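Colleague: Compute the structure for the input listed below.
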Amino acid sequence: MTQDFERIVEQVVQQVMKKLGEEGRLPEGDGECAVCVLCGQCADKVPELVGRIKDAGATRISCAPGVTAVRKDIAPLIDHTLLKPDATRADIERLCSEARDLCFAAVCVNPVYVKLAAGLLEGSGVVCCSVVGFPLGASKK
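Modeller: Now for the predicted structure:
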């Protein structure tokens, strides 16, 4: 099943890259990004790719925790996202801090952390968004 999933992901990535004019190639990077490992940090590691996605018409982009720098034209499009069911309070605090510091559009968390995230983001211009029952009913902790 894992091989099937990886094959499907690779096919989707190649189709997206073709639409972006890259002939289905993943961006060459410093080794980590030469082959995408779905780290969720493209906005930080390969901003030129995210810029092309933005130029193609994307209005929102997701970004995982751990980013350190994002181009100013990309930051307002980012929903900084942490939906792992085992996320901790410290993880959410870090997520919100990064979003505030980098001026992202939103922080997306599981419902159990909405109150915490909204409080941490108050006055920053970064909004809090959430999901319902994603994935597999992870709205309870």
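
Colleague: The residue nearest the centre of the chain: what's it in contact with?
Modeller: What sits nearest the mean C-alpha location of the chain, by C-alpha atoms, centre = their mean, is Cys63, with 1.8 Å. By C-beta atoms under 8 Å, 6 or more residues apart in numbering, Cys63 lies in contact with 40-44, 70, 78-81, 104. (C-beta placed from N, C-alpha, C; glycine too.)

Colleague: distance between stretch 91-105 and the chain's centre?
Modeller: 12 Å (C-alpha atoms, centre = their mean, to the nearest Å).

Colleague: can you list contacts of that stretch?
Modeller: So stretch 91-105 is contacted by 60, 63, 65-67, 69-70, 72, 75-80, 82, 84, 106-107, 109, 113, 116-117, 120-121, 124-127 (C-beta under 8 Å, 6+ apart).

Colleague: So which of those belong to helices?
Modeller: 116-117, 120-121 (DSSP state H).

Colleague: Now do Phe104 against Asp4, distance only.
Modeller: Applying C-beta to C-beta, to the nearest Å, the value for Phe104 to Asp4 is 34 Å.

Colleague: Can you report how many residues neighbour the residue lying closest to Ala99 once chain neighbours are set aside?
Modeller: Leaving aside its sequence neighbours, Ala99 sits nearest to His80 (C-beta to C-beta, 6 or more residues apart in numbering; 4.3 Å). His80 has 28 neighbouring residues, counting by other C-beta atoms under 10 Å.
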